[in-house]
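S.K.: fold the following.
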Amino acid sequence: MSTEPSNNDSHSINVFEELCLSRARPVMTAELRSFDGENLAVVEKELTELTPYIDGINITDNPAAHAHASNTAMAIAVKTLGGNPIMQIVCRDKNRLAIQADLVGAGMFGVENFCALTGDDVTAGDEKEARRVFDLDGPQLVSVMTGISQGSYLSGRKLKSEPHMFIGAVENPTAPPLDYRVDRALKKVDAGAKFIQLQICYQPEKLEHFIRGCVLNGVAERAALLPTVVFTKSARPLGFMDTSVPGISVPKAVIDRVANSEDQAEESYQLVKEQVIYALGLPGVAGIHFSDFRHDGSLQRMLQELGLGPKGHDRQPKEDKNAYSH
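M.R.: Numbers count the residues shown, from 1 in each chain. This is a model prediction of the structure:
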C-alpha cells in the first residue's frame, strides 16, 4: 500500500510525499479511472490491483469536462480503502468558496495530496451549455491550497487547525509559447507546489526543452517533475488525442508506427515503455505519471519489467534511455 504506520500514531507516512522530497527512487503515480455510480467494492478491487505498484493515485475532477463521481467523494473513498489519493481540483467548475470547502472537507478524512489544474474547457465535454467558473487560475489555486495548509481561508479567517497538505500542480510542456510554460511552472512552485505532473508529450525534444528550463530556473530542484505517459491499445486513440484533445499533439510518424504494426496493442505498449525510459533519463525528472486507457495489466507489467515502483525499487531499467529520441 502507499501508506504505512509511522512512529506517530496520529499520522501515517505519506510515501508519495517522502519520495518527491527525497528523490530516493523514481516516483510512480497513476490515474484511477472515473466512476459513474459503481459501488465501493468495484473501487476497492481496482485499488487492490494498483496500490502495490504505485506511490500515489490521482483522483480526477470531471476530466475532459464530463461529469463523474465527485473528486472529493472518490478521494475520501480511496483514502478510507487504504490507498494514497492525489485529489485533483480544476478551476473550471467551482468558485473559491466551494473549492476551499472541498479542500478542508477532504482533509478531515486524511486526504493529504492535492493537485491544482485549470481544467479542460466545457467545449471538450458532453454538456457544452455548462457555465465556466474559473474564479481562480492554476497558480492562484495553488496559493489557496498553501493558505489552507497554513491554517487560514483566502479571506484570512482561521481554521481550527493546520491540515497537512502536500500540494502540486500540472503543466503542459508542449503548449506554446514553450518558455512561458517554464515560467508558469515557476509561478506554481513559488505559490507552494511541491510536485508538477506534466501533460502527455509525444515530442521528446519539447519535453527535454521544458525539463532543461525547469532545471535552470530551479523548479526541478524545488518540485518533483513527473512526465505523463498514456497506455492505449491501438493507433486510434492516438489519432483522437491529436485531433480532439486540447494541448496534445501526436506526430503522424508516431501514429503510423502503431497503425502499421502487426500487433498494435504491443507496439503501443513498447512506445510507452520507450517514453518512460527516455523521460527518466532526463536530468531533473523525478518520476512518471501513468494514464491508462487499457486496464489490462499493462501498467503492472511495465513497472515489473523496468523495476520501478514499490515492488521494483531495488532494480533499475537497463534499456537504452535514448531509444525514444530517434
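S.K.: ok, the closest residue to Tyr269 other than its chain neighbours - how many residues close by?
M.R.: Distance criterion CB to CB, 6 or more residues apart in numbering; nearest residue to Tyr269, sequence neighbours excluded, is Ser298 at 5.6 Å. Just so you know, the C-beta spots here come from the backbone N, C-alpha and C atoms, and that holds for glycine as well. Neighbour count for Ser298, taken as other CB atoms under 10 Å: 21.
S.K.: got the phi and psi for Ser298?
M.R.: Backbone torsions of Ser298, given as degrees, to the nearest 10, read phi -60, psi -40.
S.K.: how about the contacts made by it?
M.R.: Counting by CB atoms under 8 Å, 6 or more residues apart in numbering, Ser298 makes contact with 231, 269, 272, 292.
S.K.: show me where the stretch 51-200 of the chain has its helices.
M.R.: 71-80, 96-108, 138-149, 178-191 (DSSP state H, counting those that start in this stretch).
S.K.: okay if I get those helices as JSON lines plus distance to Phe240, mean pLDDT and mean neighbour count?
M.R.: Putting these into JSON lines (distance: least, CB to CB, whole Å; pLDDT from 0 to 100; neighbours: other CB atoms under 10 Å) gives the following:
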{"stretch": "helix 71-80", "distance to Phe240": "24", "mean pLDDT": "97", "mean neighbour count": "22"}
{"stretch": "helix 96-108", "distance to Phe240": "30", "mean pLDDT": "98", "mean neighbour count": "18"}
{"stretch": "helix 138-149", "distance to Phe240": "25", "mean pLDDT": "98", "mean neighbour count": "21"}
{"stretch": "helix 178-191", "distance to Phe240": "23", "mean pLDDT": "96", "mean neighbour count": "18"}
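S.K.: out of these, which is closest to Lys206?
M.R.: Closest approach to Lys206 among the helices of the stretch 51-200 of the chain (CB to CB): helix 178-191, 6.6 Å.
S.K.: just the CA atoms of that closest one, as PDB, please.
M.R.: Extracted C-alpha coordinates of helix 178-191, given in PDB (Å, rounded to 0.1, in the frame of the first residue of the first chain):
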ATOM      1  CA  LEU A 178       7.200  27.000 -24.700                       C
ATOM      2  CA  ASP A 179       9.300  29.300 -22.500                       C
ATOM      3  CA  TYR A 180       6.100  30.700 -20.900                       C
ATOM      4  CA  ARG A 181       5.300  27.200 -19.700                       C
ATOM      5  CA  VAL A 182       8.600  27.000 -17.800                       C
ATOM      6  CA  ASP A 183       7.800  30.400 -16.300                       C
ATOM      7  CA  ARG A 184       4.300  29.300 -15.300                       C
ATOM      8  CA  ALA A 185       5.700  26.200 -13.600                       C
ATOM      9  CA  LEU A 186       7.900  28.500 -11.600                       C
ATOM     10  CA  LYS A 187       4.900  30.600 -10.600                       C
ATOM     11  CA  LYS A 188       3.200  27.500  -9.300                       C
ATOM     12  CA  VAL A 189       6.300  26.400  -7.300                       C
ATOM     13  CA  ASP A 190       6.600  29.900  -5.900                       C
ATOM     14  CA  ALA A 191       2.900  29.600  -4.800                       C
END
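S.K.: sketch out the low-pLDDT regions of the stretch 101-250 of the chain for me.
M.R.: Judged against pLDDT under 70, the stretch 101-250 of the chain has no low-scoring part.
S.K.: the most centrally placed residue in the chain bridge partners, please.
M.R.: Against the mean C-alpha coordinate of the chain, by CA atoms, centre = their mean, the closest residue is Gln197 at 4.7 Å. On the basis of DSSP bridges, Gln197 is bridged to Val170, Leu226.
S.K.: ok, now which ones touch it?
M.R.: Shown in contact with Gln197 (CB under 8 Å, 6+ apart): 29, 58, 115, 168-170, 226, 228, 289.
S.K.: hang on, the earlier thing: which stretch among the helices of the stretch 51-200 of the chain comes nearest Tyr202?
M.R.: In terms of CB to CB, the element of the helices of the stretch 51-200 of the chain nearest to Tyr202 is helix 178-191, at 14.9 Å.
S.K.: how far does the closest one sit from its chain's centre?
M.R.: Distance of helix 178-191 from the chain centroid (CA atoms, centre = their mean, to the nearest Å) equals 17 Å.
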